[in-house]
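**Q** just to be clear, the model below is a prediction. Sequence and coordinates:
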Amino acid sequence: MAGGAHGGFRGVDREAQRKLNATAPRVPHLGRRVIVLFQPYRWRIAFTAILVIAGAAVAVIPPLLVQRVFDDALFPVAGGAPDIPLLTRLVAAMIAFFLLSAVLGVGQTWLTATVGNAVTGDLRLRLFDHLQSMELGFFTRTKTGVIQSRLQNDVGGVSGVLTNTVTSILGNAVTVIASLVAMILIDWRLTLIAVVMMPFLIIVQRRVGQVRARIAGETQESLSELTSITQETLSVSGILLSKSFNRQRAESARFEAENINQVRLQVRRAMSGQGFFAVVSVLMSSVPAIIYLVAGILVTDGADTITAGTIVAFTTVQARLLMPLMGLMRVALDLQTSAALFARIFEYLDLVPAISDAPDAIAVSEAPGPVGRIEFRDVAFAYPDASETTRPTLNGVSFVAEPGKHVAFVGPSGAGKTTILYLAPRFYEATGGAVLFAGEDVRRLTGESIIDAVGIVSQETYLFHATIRENLRYAKPDATDAELEAASRAANIHHVIAGFENGYDTVVGERGYRLSGGEKQRIAIARVLLKDPPVLLLDEATSALDTVSERIVQEALDAAARGRTTLTVAHRLSTIIAADVIHVVDGGRIVESGTHSQLLAEGGLYASLAAEQLAASRVLTEEVTLDASTD
């Protein structure tokens, strides 16, 4: 989220997206992969197909009975009065077929809805699971709104196709074929006249489909941007930022611009092909009139005798041909349109996680060393999107954290401290050297077993919009109330929670905004204590807190770290004075190592950092004292 910078950067983002639109993702064997989605439901689909075929065939029979109604019952060829008994039987048969067709239609719709929505649900779940397997770097370089759009808008966009395609193709195809057969049986000459325009219509339909597919891709990209703007601007952080800089109007203008673009694309999408379908409708609707003309010419010339029943039956069947034929063409257009959406979905499904378990990976419990031991051997790291000329984030980093020891990392901003912390549990993959966990290279360990052995408390604590109890149980779903209370007491937060009106059932709000920074941090610590990991990673966990909150949270952290291997990234040196060893990181390298007193005695970078913080603290103290004396 960048409130004031929107105007400067959004144009660049949008232009890049437009260029991306011009080259939609190409996914090999797209049609085959879509068909595979239906594989688990093949028997249900087969039964649906039987119902569809039966329903389409039954629907064609009543028009054939019309010929007998006219020629045999109402106006017998031999002359005479209408045959009421025959007419009664034919009418009863027609009504029976209408009823059977309706029953088959209800069954077909139910099966279609269950299969189509099940396939849609499977696709959505598969995409969600796959995205969860992606490495942390994927999410740091991709907008959350864009990811949400792929998961919701794109999958939702193909839902109708997945739900209706099979039955629509089968039902309409069977109806068209049955109608054509019936028309040929009634009169083959009239049939040729009725279908003479079909090849031309198919060619035009393909061209219209290509245009609609391109518009569909642009529409989904616009939806992604709308979702991204909504997610950024209407989150608690986004609202706070826009209100802080009085940028609500700018945000509304940005949303309005994209919303106008979305409306324009939706109108284009709705109207694309409407002219084509209007032509098809006019042509097909005009066929009966042409049939009447041709029949009149044939009768006048005496070339043949075409009965009134033949003409009525033929035009009735031909009228039945219009809707399924247009339905088939619409399905063909929908398939071409949805191909762009399927391509976007499969593009994400085809992403290969940069970090995954090796085929022969073992659990941490099977590793040769003690679980709490972490070692870096000449580790180098560069982010995937970094250019070749960019200095690596880390280069030649080596250290050992023995079980139960507290190892701290300090240094200037951008030195690579947090990267070191996230390489330990393999959130990032080292590009050189080796990271060892419990005596084994992390690339030989299963990711789940590493994470099970690690607890992380970061500077930006994330709490769900749920109760305190539910947030704590995220670490251990089966935790008892007694365990929750014990962890909260150890984190020095139980007395605060008990003071809330609803206690542990207090809803914390989105990202915990109803709590103070110190309260959120202590709940996060309690959550880690509930997990009870042998390794604790602390990423500037107190840097955003005031002095009082820092002291309280630091006491909780000290209690949490007791008996665990602890790696700490610290900004305030006062929080890591008691660490067993302090590594000073600068420019991606460890330039100094030792205890607090040793590093001060060396007079290097650590001593400079300590002197700067001490001077800043003295200035602040003097200002407070001066203010107090003035008052």
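**A** Perfect, thanks for sending it.
**Q** do you know how far Leu51 is from Ala93?
**A** Going from Leu51 to Ala93 by Cβ to Cβ, to the nearest Å gives 21 Å. (C-beta placed from N, C-alpha, C; glycine too.)
**Q** more neighbours, these two?
**A** Remark: of Leu51 and Ala93, Leu51 carries more neighbours, 22 against 15, as counted by other Cβ atoms under 10 Å.
**Q** which residue packs closest to the more buried one, ignoring adjacent ones?
**A** Gln108 (4.5 Å; Cβ to Cβ, 6 or more residues apart in numbering).
**Q** quick check, the one you found in contact with Gly171.
**A** Yes. Using Cβ atoms under 8 Å, Gln108 is in contact with Gly171, at 7.4 Å.
**Q** who has more neighbours, these two?
**A** Gly171 (26 against 23).
**Q** next one: phi and psi at the nearest residue to that one once chain neighbours are set aside?
**A** Of all residues not flanking Gly171 in the chain, Val52 sits nearest, at 4.5 Å (Cβ to Cβ, 6+ apart). The phi/psi pair for Val52 (degrees, to the nearest 10) reads phi -60, psi -50.
**Q** contact partners for Val52?
**A** 108, 167, 170-171, 174 (Cβ atoms under 8 Å, 6 or more residues apart in numbering).
**Q** may I ask which two of these are separated the most?
**A** Gln108 and Val174 (11.6 Å; Cβ to Cβ).
**Q** of all residues in the chain, which one is nearest the centre?
**A** The centre of the chain sits closest to Leu151, judged by Cα atoms, centre = their mean, with a distance of 2.4 Å.
**Q** so that residue, which state does it fall into?
**A** helix (DSSP: H, G, I helix; E, B strand; the rest coil).
**Q** list residues touching both of Gln108 and Gly171?
**A** With Cβ under 8 Å, 6+ apart as the test, Gln108 and Gly171 both reach 52, 55.
**Q** what's the separation between the residue nearest to the centre of the chain and Ala466?
**A** 21 Å.
**Q** ok, now Ala93?
**A** From Ala93 to Ala466 the distance is 62 Å (Cβ to Cβ).
**Q** kindly report the same for Gly327.
**A** 47 Å.
**Q** please apply the same query to Leu341.
**A** For Leu341 relative to Ala466 (Cβ to Cβ), the value is 33 Å.
**Q** ok, the two, which is more surrounded?
**A** Under the criterion of other Cβ under 10 Å, the comparison of Leu341 against Ala466 puts Leu341 first, with 23 against 17.
**Q** and the helix or strand hosting the more buried one, what does it pack onto?
**A** Element membership for Leu341 (DSSP states H and E) is helix 308-349. On a contact count with 3 or more Cβ pairs under 8 Å, 6 or more residues apart in numbering; DSSP states H and E, helix 308-349 meets helix 30-36, helix 42-68, helix 84-132, helix 155-186, helix 188-195, helix 198-233, helix 274-301.
**Q** how about the ones you listed, which one is nearest Arg254?
**A** Comparing those by Cβ to Cβ, helix 198-233 comes nearest, at 6.1 Å.
**Q** so Leu445 sits against Asp360, correct?
**A** No. Leu445 lies out of contact with Asp360 (Cβ under 8 Å); the separation is 10.7 Å.
**Q** between the two, which is the more surrounded one?
**A** Each of Leu445 and Asp360 has its neighbours counted (other Cβ under 10 Å); Leu445 has more, 24 against 6.
**Q** what's the more buried one sitting at in phi/psi?
**A** Per degrees, to the nearest 10, the backbone of Leu445 is at phi -110, psi 150.
**Q** enumerate every residue touching it.
**A** Per Cβ under 8 Å, 6+ apart, neighbours of Leu445: 361-364, 367, 426, 437-438.
**Q** and these, which are buried?
**A** Buried by 16 or more other Cβ atoms under 10 Å: 361, 364, 367, 426, 437-438, out of these.
**Q** confidence-wise, which helix or strand of this structure is lowest on average?
**A** helix 6-22 (a mean of 41; mean pLDDT, DSSP states H and E).
**Q** just to revisit the earlier point, next secondary structure after the helix holding Leu341?
**A** That would be, after helix 308-349 and using DSSP H and E, strand 374-381.
**Q** list the buried ones in stretch 285-303?
**A** 287-288, 291, 294-295, 298.
**Q** pipe those residues into JSON lines and attach pLDDT per row.
**A** What follows is the buried residues of stretch 285-303, written out as JSON lines (pLDDT from 0 to 100):
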{"residue": "Val287", "pLDDT": "72"}
{"residue": "Pro288", "pLDDT": "74"}
{"residue": "Ile291", "pLDDT": "75"}
{"residue": "Val294", "pLDDT": "75"}
{"residue": "Ala295", "pLDDT": "74"}
{"residue": "Leu298", "pLDDT": "70"}
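**Q** ok, so of those, who is nearest Ile525?
**A** Taking the buried residues of stretch 285-303 together and measuring to Ile525 by Cβ to Cβ, the closest member is Val287, at 77.5 Å.
**Q** and Arg391, helix, strand or coil?
**A** coil.
**Q** need phi/psi at Asp532.
**A** phi 60, psi 60.
**Q** if I look at it, how far off is Leu283?
**A** For Asp532, the distance to Leu283 - Cβ to Cβ - is 75 Å.
**Q** try His465
**A** In terms of Cβ to Cβ, His465 sits 57 Å off from Leu283.
**Q** ok, now Thr310?
**A** 22 Å.
**Q** same deal with Ile468?
**A** Ile468 is 68 Å from Leu283, by Cβ to Cβ.
**Q** out of the two, which sits in the busier spot?
**A** Neighbour tally, Ile468 and Leu283, criterion other Cβ under 10 Å: the higher count belongs to Ile468, 27 against 17.
**Q** my read: that one touches Val508, true?
**A** Yes. With contacts counted by Cβ under 8 Å, Ile468 reaches Val508, the gap being 6.1 Å.
**Q** now for those two: what residues contact both?
**A** With Cβ under 8 Å, 6+ apart as the test, Ile468 and Val508 both reach Ile523.
**Q** pretty sure Gly55 sits against Leu104.
**A** Yes. Using Cβ under 8 Å, Gly55 makes contact with Leu104 at a distance of 3.8 Å.
**Q** if we can go back for a sec, with pLDDT and distance to Val208 as extra columns, can I get the contacts of Val52 in CSV?
**A** Listed next are these as CSV, based on pLDDT from 0 to 100; distance: Cβ to Cβ, whole Å:
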residue, pLDDT, distance to Val208
Gln108, 79, 28
Thr167, 66, 23
Leu170, 70, 23
Gly171, 70, 22
Val174, 74, 24
